[in-house]
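# One predicted model, sequence on top.
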Amino acid sequence: MCLVAAACAALPDIDFFGWPVAHRAITHSLAFALIGAVVITAVLFRRDQWTQHRTRIGLVLGLALLSHSCLDALSTYSFGIEFFAPFSEQRFRFPWTPLGDPTGSLAGQLMQEALVVFLPAVLIGWLGLRRRGRRLMSAT
Ligand SMILES: [Zn+2]
């Protein structure tokens, strides 16, 4: 499940590798996240053992897909994200764009991504594991 979610978080950049659409367009849209989550859940989690968890899995995969677009919208690397493709070609960026070092240095870029992406992800993961541990402890 975690590997599939990680793959989903990277999947929108498939448009970067020769995909015949503009970068950060349809594969970064809300529609792609929704349809992708439904299709991936239906294909990879179709066995009976997943039946009770399928809705939650689809939600997690959809959030993983959408997280990529939201993180891209925090950057200054491009003209923005087509969140509403294929219905609109309007590109959006969040008002706060902490990713995208104006000096263009790789070290500055990596430092920004560590502070804005990696550390919050580690904190959220740690809090999730703590919460899960508490639930497991109270169940026994
Ligand atoms: Zn992207």
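Sure thing, it's come through. Not measured: the values here are computed from a predicted model.
# Report the buried residues of stretch 17-36.
By neighbour count with 16 or more other Cβ atoms under 10 Å, stretch 17-36 contains the buried residues 22-30, 32-33, 36. Where C-beta positions appear, they are placed from N, C-alpha and C, glycine not excepted.
# Closest one to residue 69 out of those, please.
Nearest to residue 69 among these: residue 28, at 4.2 Å, using Cβ to Cβ.
# That closest one contacts residue 84, doesn't it?
No: counting by Cβ atoms under 8 Å, residue 28 does not reach residue 84; the two are 10.5 Å apart.
# that's a strand at residue 78, yeah?
No: read with DSSP: H, G, I helix; E, B strand; the rest coil, residue 78 is coil and lies in no strand.
# distance of residue 26 from residue 46?
Remark: distance between residue 26 and residue 46 (Cβ to Cβ, to the nearest Å) = 25 Å.
# avg pLDDT for stretch 15-35?
For stretch 15-35, mean pLDDT is 88.
# what sits up against that stretch?
For stretch 15-35, the surrounding residues in contact (Cβ atoms under 8 Å, 6 or more residues apart in numbering) are 11-14, 62, 65-66, 68-69, 72, 78-87, 89, 91.
# how long is it end to end?
End-to-end distance for stretch 15-35: 16 Å, by Cα to Cα, to the nearest Å.
# same check, this time on stretch 87-98
End-to-end distance (Cα to Cα), stretch 87-98: 28 Å.
# what's the nearest residue to the residue nearest the centre of the chain if we skip its chain neighbours?
By Cα atoms, centre = their mean, the chain has its centre lying nearest to residue 67, at 2.7 Å. The spatial neighbour of residue 67 that comes closest, neighbours along the chain excluded (Cβ to Cβ, 6 or more residues apart in numbering), is residue 9 at 5.7 Å.
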